[in-house]
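[1] this one's sequence-less:
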């Protein structure tokens, strides 16, 4: 009898449950309460999403573990690609300096010069084979200004380690091509300034100095002699007895000045961050790097996963940059409207890459992937003086 009663109760519960399920609203409809508020459809995340980073799954809007990992992988990847594109200019300067060191030129009074012009052994961006180049790097770490005595009739530029314009020397500079004395101040310098100098104040301790001399009836001799006779670089504290200038002829000598397009790119950036003052770049730029593990005063030691991700990001970044150079979407780049053969990778028209009061990031990437060295003289028509 007791067994029969238990069966009757169980059957009754099943019947009651079925009736309630039939009468009740579907699971998709929640009961209306006093404080019930409808969520706008555009803020509700579906339980499953098909995206370019794979299928994403959620429960009540909360991502599951696999989805969280995909999200972080993508976040790190897109940050790394962005850093590659934004910091190419800095990596390029690091590589340019390293190429000089590889030739045994490692102080500011030592200058790389191309006595018989460049050839295919010189891996440079945008260098040409009709100019006598002379190049060196200043090192202002000791907080001592550096003096440059410029030769006459040259085109010279000074850029900092983020390839930002510092100043012109020579024909496009304040000496008007007559030769003059320039004083390059360290970023934190607060001392007195002597008279008789053209003064430049870069944001970095490292400063690239490039001088271009001109052929005379196809002869390199006069330009080489001009630099060797007049170019002097020395700390201001040694003005009474400047160190002897050393000119290293690099014609025909293999050396590479082009930045890496793989994981080593991020090592180049880290090396620069460690040696330059924090104020050399903005807090925003420092933040992008710090989130990838590149932070001043801290070791850069990505794990195997992060290392592989950074390697891929550099390759993708290089692909994007190359696409912007050789298949630009901006029609202003192309010289002829019906052809993509002839184009100008510096079509923005100013060395600060501003357009209609906004910063043109694509134009920066386009130029920095293809070229080295920045000066207004490259963008402004200066007949007989500039290099536009």
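    Thanks, I have the structure now. In this text the structure is predicted, and so the values were computed from the model without any measurement.
[2] in stretch 157-175, what's buried?
    Residues of stretch 157-175 classed as buried: 157-173, 175 (neighbour count, 16 or more other CB atoms under 10 Å). For every residue, glycine as well, the C-beta is placed using N, CA and C.
[3] Run through the helices of this structure in chain order.
    Assigned by DSSP state H, the helices in the chain fall at 2-23, 65-102, 221-230, 264-275, 283-290, 304-326, 361-370.
[4] any weak-confidence spans in this protein?
    Along the chain, segments meeting pLDDT under 70 span 1-30, 386-388.
[5] follow-up on the earlier one: most tightly packed of the helices of the chain?
    Most buried of the helices of the chain by mean neighbour count (mean count of other CB atoms under 10 Å) is helix 361-370; its value is a mean of 22.
[6] Looking at strand pairing, list the partners for residue 57.
    residue 48 (DSSP bridges).
[7] wait, doesn't it sit right on residue 65?
    No. Contact between residue 57 and residue 65 fails when scored by CB atoms under 8 Å: they sit 9.6 Å apart.
[8] how about the nearest residue to residue 247, chain neighbours excluded?
    residue 113 (4.8 Å; CB to CB, 6 or more residues apart in numbering).
[9] The one you found contacts residue 136, correct?
    No. Counting by CB under 8 Å, residue 113 does not reach residue 136; the two are 9.4 Å apart.
[10] the more surrounded of those two?
    The neighbour comparison of residue 113 against residue 136 (other CB atoms under 10 Å) goes to residue 136, with 28 against 23.
[11] Show me what that one bridges to in the sheet.
    Beta-bridge partners, per DSSP bridges, of residue 136: residue 209.
[12] ok, now which ones touch it?
    100, 105, 108, 109, 110, 111, 112, 209, 233 (CB atoms under 8 Å, 6 or more residues apart in numbering).
[13] separation between the closest residue to residue 259 other than its chain neighbours and residue 317?
    Excluding the flanking residues, the one nearest residue 259 by CB to CB, 6+ apart is residue 91, at 3.7 Å. Separation of residue 91 from residue 317 (CB to CB, to the nearest Å): 11 Å.
[14] OK, contacts around residue 71?
    Counting by CB under 8 Å, 6+ apart, residue 71 touches 53, 56, 63.
[15] May I have the beta-bridge partners of the last one?
    Residue 63 forms beta bridges with residue 58, as assigned by DSSP bridges.
[16] Let me see the domain layout of the chain.
    Domain assignment for the chain, taken from automatic domain parsing, gives 71-103+257-326, 105-252, 329-388.
[17] how about those domains in a markdown table, adding distance to residue 32?
    A markdown table is the format used below for the domains of the chain (distance: least, CB to CB, whole Å):
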| stretch | distance to residue 32 |
| --- | --- |
| domain 71-103+257-326 | 34 |
| domain 105-252 | 60 |
| domain 329-388 | 49 |
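[18] Residue 44 is nearest to which of those?
    For the domains of the chain, proximity to residue 44 was assessed by CB to CB; domain 71-103+257-326 is nearest, at 17.8 Å.
[19] Can you check the distance spanned by that closest one, start to finish?
    32 Å (CA to CA, to the nearest Å).
[20] which of the contacts of residue 71 count as buried?
    For these, buried by 16+ other CB under 10 Å: 56, 63.
[21] Could you provide the contacts of residue 71 in a markdown table, with additional columns for distance to residue 309?
    Formatted as a markdown table, the contacts of residue 71 follow (distance: CB to CB, whole Å):
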| residue | distance to residue 309 |
| --- | --- |
| 53 | 13 |
| 56 | 19 |
| 63 | 19 |
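[22] Residue 361: which of the contacts of residue 71 is nearest?
    Within the contacts of residue 71, proximity to residue 361 (CB to CB) peaks at residue 53, which comes in at 23.0 Å.
[23] For the closest one, what are phi and psi?
    phi -100, psi 20 (degrees, to the nearest 10).
[24] what number of residues lie near the closest residue to residue 149 other than its chain neighbours?
    Nearest residue to residue 149, sequence neighbours excluded (CB to CB, 6+ apart): residue 232, at 4.0 Å. A count of nearby residues for residue 232, using other CB under 10 Å, gives 17.
[25] Pretty sure residue 147 is one of the things residue 232 touches, is it not?
    Yes. Counting by CB under 8 Å, residue 232 sits close enough to residue 147 to count as a contact (7.5 Å).
[26] what is in contact with these two at once?
    Taking CB under 8 Å, 6+ apart as the criterion, residue 232 and residue 147 both touch residue 242.
[27] got the contact list for the residue minimising distance to the centre of the chain?
    In the chain, the residue lying closest to the centroid (CA atoms, centre = their mean) is residue 87, at 1.7 Å. The contact partners of residue 87, taken as CB under 8 Å, 6+ apart, are 269, 285, 289.
[28] Would you confirm that the first one contacts residue 83?
    Yes. Applying CB under 8 Å as the test, residue 269 and residue 83 come out as touching, 7.4 Å apart.
[29] one step back: roughly how far does the residue nearest to the centre of the chain sit from residue 383?
    Residue 87 is 35 Å from residue 383, by CB to CB.
[30] for residue 356, same thing?
    Counting by CB to CB - residue 356 and residue 383 are separated by 27 Å.
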